[in-house]
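> below is the sequence, then the predicted model.
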Amino acid sequence: MDVKGKRFQDFTKRNEIIKELRGKEAREKQHSKGKLTAKERIDILLDPGTFDEIDAQAQPADAGFGTVKKVMGDGVITGHGKISGRLVFIYAQDFTVMGGSLGSVHAAKINKVQDMALKMGAPIVGLMDSGGARIQEGVMSLAGYASIFYRNVASSGVIPQISVIMGPAAGGAVYSPALTDFVFMTNKTSYMFVTGPNVVKEVLNEEVTFEDLGGAPAHAKKSGVAHFIYEDEENTLLGVQKLLSYLPSNNMEDAPQSKTNGATIGPVDKLRDIVPDDANKAYDIKDVIKLIVDGEKFLEVMENFAQNIVIGFGRLNGKTIGIVANQPKVLAGCLDINSSMKGARFVRFCDAFNIPVLTLEDVPGFLPGINQEHGGVIKHGAKLMYAYSEATIPKITVILRKSYGGAYCVMNSKRLGSDFNFAWPTAEIAVMGPEGAVAILYRKELEAAENPQQFKKEMAEKYRLEIANPYVAYEKGLIDEVIDPAVTRMKLIAAFEALENKQDLKPARKHGNIPL
Ligand code: HXC
């Protein structure tokens, strides 16, 4: 065989080695744990036939301790492809190769796609399934992680970064997901923690399972680390596709315009009936959101965490908007530490990617309590205020009902830099709620009254009509228009259209100092 023949033979052989590496044995290993292989995951996520792999034959670095297997690809598949015809870069860790552990070459491969995604202005999706830093490579694997974190930060606010946890993510490995914009987890097969159950037992003598400590429900409900959780891997990956359909590819591009498919732009009468007559009765803000957005389609983010605020994406006349809404059904819609942080990070994401924000407001105030005060509700509430104030995107607020005290100011109020502020006739805008105000203003009269309860009720009613209404603010220009709830969707479409070319240039500075 001549040299050319040998070269082609070599080419074929090498490709066969990779095929075998990712073949039946690897598949069975993963499937037996209820997981898909790295390649199967990529195939679900990307448009068929669009994946182009790079660095498939990269060899792991030598290491002094133990055996690093010389396995082509070094436990991670990297490359690019398309989702709904749009370019994305991707890396998928392969747990069947040294537990998907991260050594220097593995990290360099991820760095390469991170760098390319940033230069090309395309989102990057990381599918993670790894035992963490490769023990044999010591500090070089730690340095590898640091090089990923560095790029996560450099790309933040430039391209969307999405982390999908599909197996273990332990130790410092959790910090790349934490630095990215959205974290997806799959129920029962993924977990994240800085120190695992064994260390918890050793140090604190506490018993906890992997699932309870760092499973998907723990991070979706308690820590707020996970933005989306799904029951299986396929639905997790379809969830990533859905999220990306709302987002621009980078901070210089517009989000994709979707067909409105005949969504109504006339009045929506049902909106008139949602807010109950009794101001203390709850309702579901998601019913309002659905009646406002195109086709009643709302992609909720962090659905299970701090449910007193609702955040997510929808479309108005085909254009993506971010929505932040108080939820009267949970804690009466009060703001607290967790809801402030949840809202703030979302507003900042939208601002970074030029996604206009709609705020739907029904908030009785900040949640009182020792835990809240000692937990730092002052600085955490300030985050939401900061996020709204610094955002230069189109910002619109609709006050549906309660809008009291500091929470009025925070929820994208006029003087905080909002562009349009609408109120429904049911709005109550004031320093505090009627009962609290009467208790302070009429303390002496209440003490002297024959029937204090009756007196309080009457005065509260008077306060509600005379002060806690939308018209005081309307007369002062702090509300631009009091609107019929039925025309909310029409008003918002027109208002966001009017704001399309908004420019809001701030003085140059290195960066502000958000109260972290
Ligand atoms: C090298 C590793 C590895 C690692 C797993 N493997 N983790 N190799 N470095 N960190 C290898 C195993 O030796 C094994 O090799 C194969 O991967 C599969 O691992 P198993 O243990 O058989 O799998 P399983 O029973 O499913 O358990 C998975 C696991 C466990 C829970 C993740 O492997 C584990 O505890 N690994 C260590 C996790 C960890 O503590 N990592 C370091 C975190 S600190 P063979 O040859 O048998 O197939 C960290 C610091 C980062 O990451 C700092 C950044 C700032």
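That came through, no problem.
> check contacts around the residue nearest to Ile337 when sequence neighbours are not counted.
Spatial nearest neighbour of Ile337, chain neighbours left out: His380 (4.4 Å); criterion: CB to CB, 6 or more residues apart in numbering. Where C-beta positions appear, they are placed from N, C-alpha and C, glycine not excepted. By CB atoms under 8 Å, 6 or more residues apart in numbering, His380 lies in contact with 337, 340-341, 515.
> of all the residues in the helix or strand His380 falls within, which ones are buried?
Element membership for His380 (DSSP states H and E) is helix 377-390. Of the residues in helix 377-390, 377, 380-390 count as buried by neighbour count, 16 or more other CB atoms under 10 Å.
> do you know how far the residue nearest to Ile337 is from the ligand?
His380 sits 26 Å away from the ligand, going by CB to the nearest ligand atom, to the nearest Å.
> then Arg7?
For Arg7 relative to the ligand (CB to the nearest ligand atom), the value is 33 Å.
> quick check: residues of the stretch 151-300 of the chain near the ligand?
Residues of the stretch 151-300 of the chain lying near the ligand by CB under 6 Å from any ligand atom: 168, 170-173.
> one more time with 8 Å
167-168, 170-173, 175, 196, 210 (CB under 8 Å from any ligand atom).
> picking up where we left off before, can I get the helix holding His380 in PDB, CA atoms only?
Provided in PDB are the C-alpha atoms of helix 377-390 (Å, rounded to 0.1, in the frame of the first residue of the first chain):
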ATOM      1  CA  VAL A 377     -34.000  42.500  52.800                       C
ATOM      2  CA  ILE A 378     -32.600  46.100  52.600                       C
ATOM      3  CA  LYS A 379     -29.700  45.200  50.400                       C
ATOM      4  CA  HIS A 380     -31.600  42.600  48.500                       C
ATOM      5  CA  GLY A 381     -34.600  44.800  47.800                       C
ATOM      6  CA  ALA A 382     -32.100  47.400  46.600                       C
ATOM      7  CA  LYS A 383     -31.000  45.000  43.900                       C
ATOM      8  CA  LEU A 384     -34.300  45.100  42.200                       C
ATOM      9  CA  MET A 385     -34.400  48.900  42.500                       C
ATOM     10  CA  TYR A 386     -30.900  49.000  41.000                       C
ATOM     11  CA  ALA A 387     -31.700  46.600  38.200                       C
ATOM     12  CA  TYR A 388     -34.800  48.600  37.100                       C
ATOM     13  CA  SER A 389     -33.000  52.000  37.400                       C
ATOM     14  CA  GLU A 390     -29.900  51.000  35.400                       C
END
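> quick one: average pLDDT of that helix?
The average pLDDT within helix 377-390 is 98.
> do stretch 355-374 as well
Stretch 355-374 comes out at a mean pLDDT of 96.
> go through the longest strand that the chain contains and flag the buried ones.
Assignment by DSSP state E gives strand 395-404 as the longest strand of the chain. Buried residues in strand 395-404, defined by neighbour count with 16+ other CB under 10 Å: 395-404.
> now do stretch 237-256
237, 239-241, 243-250, 255-256.
> helices of the stretch 1-150 of the chain, residue ranges please.
For the stretch 1-150 of the chain, applying DSSP state H, counting those that start in this stretch gives helices covering 3-21, 24-32, 38-45, 104-120, 139-155.
> closest to Ala448 out of those helices?
helix 139-155 (62.8 Å; CB to CB).
> check which helices and strands the closest one sits against.
helix 104-120, helix 175-179 (3 or more CB pairs under 8 Å, 6 or more residues apart in numbering; DSSP states H and E).
> moving C-terminal of it, what's the next helix or strand?
strand 161-165.
> can you tell me the strand partners of that following strand and which way each runs?
Sheet pairing for strand 161-165, assigned by DSSP bridges, gives strand 124-128 (parallel), strand 182-186 (parallel).
> any chance of the ones you listed in CSV, plus mean pLDDT?
Shown next, in CSV, are these (pLDDT from 0 to 100):
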stretch, mean pLDDT
strand 124-128, 98
strand 182-186, 98
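> export these to a markdown table and tack on distance to Gly322 and mean neighbour count?
Listed next are the strands paired with strand 161-165 as a markdown table, based on distance: least, CB to CB, whole Å; neighbours: other CB atoms under 10 Å:
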| stretch | distance to Gly322 | mean neighbour count |
| --- | --- | --- |
| strand 124-128 | 20 | 27 |
| strand 182-186 | 13 | 26 |
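> distance to Gln454 added to those, as a markdown table?
Shown next, in a markdown table, are the strands paired with strand 161-165 (distance: least, CB to CB, whole Å):
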| stretch | distance to Gln454 |
| --- | --- |
| strand 124-128 | 62 |
| strand 182-186 | 53 |
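> re earlier: looking at the buried residues of stretch 237-256, which are in helices?
237, 239-241, 243-246 (DSSP state H).
> low pLDDT regions in this protein?
64-68, 261-262 (pLDDT under 70).
> now do the longest strand of the chain: distance to the chain's middle.
How far strand 395-404 lies from its chain's middle: 22 Å, per CA atoms, centre = their mean, to the nearest Å.
> for stretch 322-331, same thing?
15 Å.
> thinking again about what came up before, could you check how far the residue nearest to Ile337 is from Asp336?
8 Å (CB to CB, to the nearest Å).
> what does Val164 give?
Val164 is 29 Å from Asp336, by CB to CB.
> more neighbours: which of these two?
Neighbours of Val164 and Asp336, each counted by other CB atoms under 10 Å, are more numerous for Val164; the result is 28 against 22.
> which residues touch that one?
Counting by CB under 8 Å, 6+ apart, Val164 has contacts 125-128, 183-185, 236-237, 240.
> pipe those residues into a markdown table and attach distance to Val3 per row.
Output for the contacts of Val164, formatted as a markdown table (distance: CB to CB, whole Å):
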| residue | distance to Val3 |
| --- | --- |
| Val125 | 41 |
| Gly126 | 40 |
| Leu127 | 40 |
| Met128 | 42 |
| Val183 | 50 |
| Phe184 | 49 |
| Met185 | 51 |
| Thr236 | 48 |
| Leu237 | 44 |
| Val240 | 46 |
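> among those residues, which one lies nearest to Gly5?
So of these, ranked by how close each gets to Gly5 (CB to CB), first place is Leu127, at 38.2 Å.
> chain neighbours aside, what residue packs nearest to Leu61?
No Leu there; residue 61 is Ala. Ser104 (4.8 Å).
> what do you get for Val487?
Pro267 is the one closest to Val487 (CB to CB, 6+ apart), at 5.4 Å.
> the one you found in helix, strand or coil?
coil (DSSP: H, G, I helix; E, B strand; the rest coil).
> thought it was touching Ala486?
Yes - Pro267 is within contact range of Ala486, at 4.1 Å (criterion: CB atoms under 8 Å).
> how close does Gly512 sit to Tyr386?
Gly512 is 7 Å from Tyr386, by CB to CB.
> typo on my end, Gln327
Distance from Gln327 to Tyr386, by CB to CB: 22 Å.
> identify the residues contacting Leu179.
So Leu179 contacts 149, 152-153, 156, 161 (CB under 8 Å, 6+ apart).
> any of these buried? List them.
Buried among those by 16+ other CB under 10 Å: 152, 156, 161.
> of all those residues, which comes closest to the ligand?
Asn152 (12.1 Å; CB to the nearest ligand atom).
> now the stretch 201-350 of the chain against the ligand: closest residue?
Phe210 (7.8 Å).
> typed the wrong thing, it's the stretch 401-516 of the chain
Leu516 (19.9 Å).
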